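In: okay, sequence plus prediction incoming.
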Amino acid sequence: ADERDTLRERIKQQLKAQDAVMVAHYYTDPDLQQLADETGGHVSDSLDMARFGHDASEQTLVVCGVRFMGETAKILNPEKRVLMPDLEANCSLDIGCPPDEFAAFCDAHPDRTVVVYANTSAAVKARADWMVTSGSAIDVVRHLQARGEKIIWAPDKYLGEYVQKETGADMLLWQGSCVVHEEFKGIELADLKRQHPEARVLVHPESPASVVEQADVVGSTSALIKAVHEIDAPEFIVATDRGIFHRMQQAAPGKRLIEAPTAGKSATCKSCAHCPWMAMNSLDKLAHVLETGAGEIYVTPDIIERARRPIERLLEFTA
Ligand code: 13P
Ligand code: SF4
């Protein structure tokens, strides 16, 4: 604990000295989330992280999360310095959608509006008409559908299937997936529900349809935290990265939170639902980048210019 206290102090000093503010995702280490809270920063889902960074007055943004979150912060704030504890922190959705292949896919369907999930590289966003997040996808797709537009959706096939089912929109889906959420299992979840008849089921829409179908609430990380706070039930089964439990438990101290079953759950891996890239964010790496200036995100001006439009469209649409 002593070592962590020292790290926390070093980070706090640096944030002040460098006119920097932290934004952290709910899946990151609770120590980082707590520091963001204590230092005037922000902990949230990916949409709110983008918005907070955009509105912040500080000259340096420290983004604790994965690479696309840092890139989005840089695209929206090219004049600011954006630091990340580990630039290698990526996302299977981003990795599974290489810009060249994606551009070819779009070129093959020029009549379709290109909608990409936030979890993509800056270069993929540069090819898009709209960016969406899990909390905004259905509303944006409905809006496009009402204008008679046909859609290319990338990269998450499960979120895409869910949005398609909810809206009935004409969507051509890229076949990507999240390594964390695709592991949740429908049959085992049904068994667990039988053992906990009073529990409500909360599911992030990056999960497979067999899991989403059993949900009482499907939503972004913020929506799921809100649900635990607002719904009057003693227990909740939660199908998303277990990093979220820290904030959920704070939001609803008396309630019991149960992890939804994953394929990998076994004696050796009690809980596999944790993103390996989110886990790369740590106090010591954060102290290091603040003290050395390492971990700065760069996006080329050309990509910034093109990627900005789809992101700003979403911010305006959800304002
Ligand atoms: P949201 O926080 O927007 O729900 O997205 C979760 C996510 O995939 C981040 O990895
Ligand atoms: Fe990507 Fe899934 Fe990790 Fe989120 S939890 S960063 S979607 S791999």
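Out: Arrived safely, thanks for sending. Ligands and ions are numbered 1, 2, ... in the order given.
In: hey, where'd the strands end up in the stretch 201-319 of the chain?
Out: Taking DSSP state E, counting those that start in this stretch, the strands of the stretch 201-319 of the chain run over residues 217-218, 235-239, 256-259.
In: rounded mean pLDDT for stretch 198-210, please.
Out: Stretch 198-210 shows a mean pLDDT of 97.
In: distance from it to the middle of the chain?
Out: The chain centre lies 16 Å from the centre of stretch 198-210; the measure is CA atoms, centre = their mean, to the nearest Å.
In: just the buried positions in it, please.
Out: By neighbour count on 16 or more other CB atoms under 10 Å, the buried set for stretch 198-210 is 199-208. Heads up, the C-betas are built off the backbone N, CA and C, glycines and all.
In: just to revisit the earlier point, point out the most buried one among the strands of the stretch 201-319 of the chain.
Out: Neighbour counts (mean count of other CB atoms under 10 Å) averaged over each of the strands of the stretch 201-319 of the chain peak at strand 235-239, with a mean of 23.
In: ok, back up a step: what about the strands of the stretch 201-319 of the chain, which gets the closest to ligand 2?
Out: Closest of the strands of the stretch 201-319 of the chain to ligand 2 is strand 235-239, at 12.0 Å (criterion: CB to the nearest ligand atom).
In: can you list the residues of the stretch 151-300 of the chain near ligand 2?
Out: With CB under 6 Å from any ligand atom as the criterion, the stretch 151-300 of the chain meets ligand 2 at residues 178-180, 206, 241, 275, 277-278.
In: possible to save these as a markdown table with distance to ligand 1?
Out: As requested, these are arranged in a markdown table below (distance: CB to the nearest ligand atom, whole Å):
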| residue | distance to ligand 1 |
| --- | --- |
| Cys178 | 6 |
| Val179 | 11 |
| Val180 | 8 |
| Glu206 | 6 |
| Asp241 | 7 |
| Cys275 | 6 |
| Trp277 | 8 |
| Met278 | 7 |
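In: Val23 and Met49 touch, don't they?
Out: Yes - using CB atoms under 8 Å, Val23 is in contact with Met49, at 4.8 Å.
In: what do the two both touch?
Out: Common neighbours of Val23 and Met49 (criterion: CB atoms under 8 Å, 6 or more residues apart in numbering): 42, 63, 65, 69, 73.
In: mind putting the strands of the stretch 201-319 of the chain in TSV, distance to Gly293 and mean pLDDT included?
Out: Compiled in TSV, those are given as follows (distance: least, CB to CB, whole Å; pLDDT from 0 to 100):
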stretch	distance to Gly293	mean pLDDT
strand 217-218	41	98
strand 235-239	38	97
strand 256-259	38	96
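In: and the two most separated of the buried residues of stretch 198-210?
Out: Of all pairs drawn from the buried residues of stretch 198-210, the greatest distance, 20.9 Å, lies between Ala199 and Glu206 (CB to CB).
In: what residues are up against Asp284?
Out: By CB under 8 Å, 6+ apart, the contact list for Asp284 reads Leu7.
In: do you know how far it is from Val238?
Out: 29 Å (CB to CB, to the nearest Å).
In: care to break this protein down by domain?
Out: Using automatic domain parsing, the domains assigned to the chain come out as 2-88+279-298, 93-173, 181-274.
In: can you list contacts of the helix or strand Ile152 falls within?
Out: In this structure, Ile152 sits in strand 151-154 according to DSSP states H and E. Strand 151-154 has contacts (CB under 8 Å, 6+ apart) with 97, 102, 105-106, 109, 112-117, 120, 124, 141, 144-145, 160, 163-164, 169-174, 176.
In: list the strands paired with that strand, with their directions.
Out: Strands that pair with strand 151-154, judged by DSSP bridges, come out as strand 113-117 (parallel), strand 171-173 (parallel).
In: skip ahead from the last one and say which helix or strand is next.
Out: Remark: after strand 171-173, the chain's next helix or strand is helix 186-195, criterion DSSP H and E.
In: may I have that following helix as CSV, with CA atoms only?
Out: Extracted in CSV, the C-alpha atoms of helix 186-195 (Å, rounded to 0.1, in the frame of the first residue of the first chain):
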residue,chain,number,x,y,z
GLY,A,186,-26.1,-18.3,-23.0
ILE,A,187,-26.7,-21.8,-21.7
GLU,A,188,-24.6,-21.3,-18.5
LEU,A,189,-26.3,-17.9,-18.0
ALA,A,190,-29.7,-19.6,-18.1
ASP,A,191,-28.5,-22.0,-15.4
LEU,A,192,-27.2,-19.2,-13.3
LYS,A,193,-30.5,-17.3,-13.6
ARG,A,194,-32.4,-20.4,-12.4
GLN,A,195,-30.1,-20.4,-9.3
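In: use 7 as the first number for this chain going forward.
Out: Sounds good: first residue 7 from here, last item helix 192-201.
In: quick one: mean pLDDT over it.
Out: Averaged over helix 192-201, pLDDT sits at 96.
In: tell me what that helix is packed against?
Out: helix 215-218, strand 241-245 (3 or more CB pairs under 8 Å, 6 or more residues apart in numbering; DSSP states H and E).
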